[in-house]
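*Asks:* whatever this is, show me its structure:
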Amino acid sequence: MAKIRHLLLLRHAKSSWDDEALADFDRPLAPRGKAAAPRMGAEIAGRGWLPELVYVSPAARTRQTWQLASADWPAPLPAASFHDSIYGALANDLFALAKAVPDEIGSLLVIGHNPGLEIFAAQLAGPGSSSDAVASLEEKFPSGALARFEFEGDWDELRPGIARLTHCLRPKELG
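*Replies:* Next up, the predicted model:
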């Protein structure tokens, strides 16, 4: 029987545009993002979705999202690595990254950016996906949103339409 894998895609929380002199890569989280990231992290933990491995874009806002989302998770935290390829990634880049996940890992969290993350999520969703989650994803994948997928097989078998989108959560829906 094939192993069930879980993939969580978290778009960075709301970022600040207050300092127009900052490069996009260096933009920090806005106050709204600083409040939303811990709420999403608590939701991940509360639902028992803690990942075994985390891939994070090295941009300031994704690093902050990771730090705030995982701040109250039980120790030890999952291994996190920062991948330059996630910043500005296209869906194909994200497929390649996920396909290279070690076989012993059952659950992966990727913290990245739109439009690549949203397109990747839309391409992953296949038969058996939650109709509510698909509708939510198709409507909008805003800052701080989380898409949760599961699929059977090895990471290197990941391809469009193979995964079931089980949940699509937005920070504003968490209160």
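*Asks:* is it true that Asp103 touches Asp154?
*Replies:* Yes - contact criterion CB atoms under 8 Å: Asp103 and Asp154 qualify, at 6.0 Å. Just so you know, the C-beta spots here come from the backbone N, C-alpha and C atoms, and that holds for glycine as well.
*Asks:* which one of those two has more residues nearby?
*Replies:* Asp154 (13 against 10; other CB atoms under 10 Å).
*Asks:* tell me which stretches of this protein form helices.
*Replies:* Taking DSSP state H, the helices of the chain run over residues 31-46, 60-70, 91-99, 116-124, 131-139.
*Asks:* okay, now the domains of the protein?
*Replies:* 25-87, 115-135+157-175 (automatic domain parsing).
*Asks:* in JSON lines: these, plus distance to Ala147, mean neighbour count and mean pLDDT.
*Replies:* Formatted as JSON lines, these follow (distance: least, CB to CB, whole Å; neighbours: other CB atoms under 10 Å; pLDDT from 0 to 100):
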{"stretch": "domain 25-87", "distance to Ala147": "12", "mean neighbour count": "17", "mean pLDDT": "97"}
{"stretch": "domain 115-135+157-175", "distance to Ala147": "4", "mean neighbour count": "17", "mean pLDDT": "96"}
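*Asks:* and the nearest residue to Asn114 once chain neighbours are set aside, how many neighbours?
*Replies:* Leaving out its chain neighbours, the residue that sits closest to Asn114 by CB to CB, 6 or more residues apart in numbering is Arg11, at 6.0 Å. Here the number of neighbours of Arg11 (other CB under 10 Å) works out to 26.
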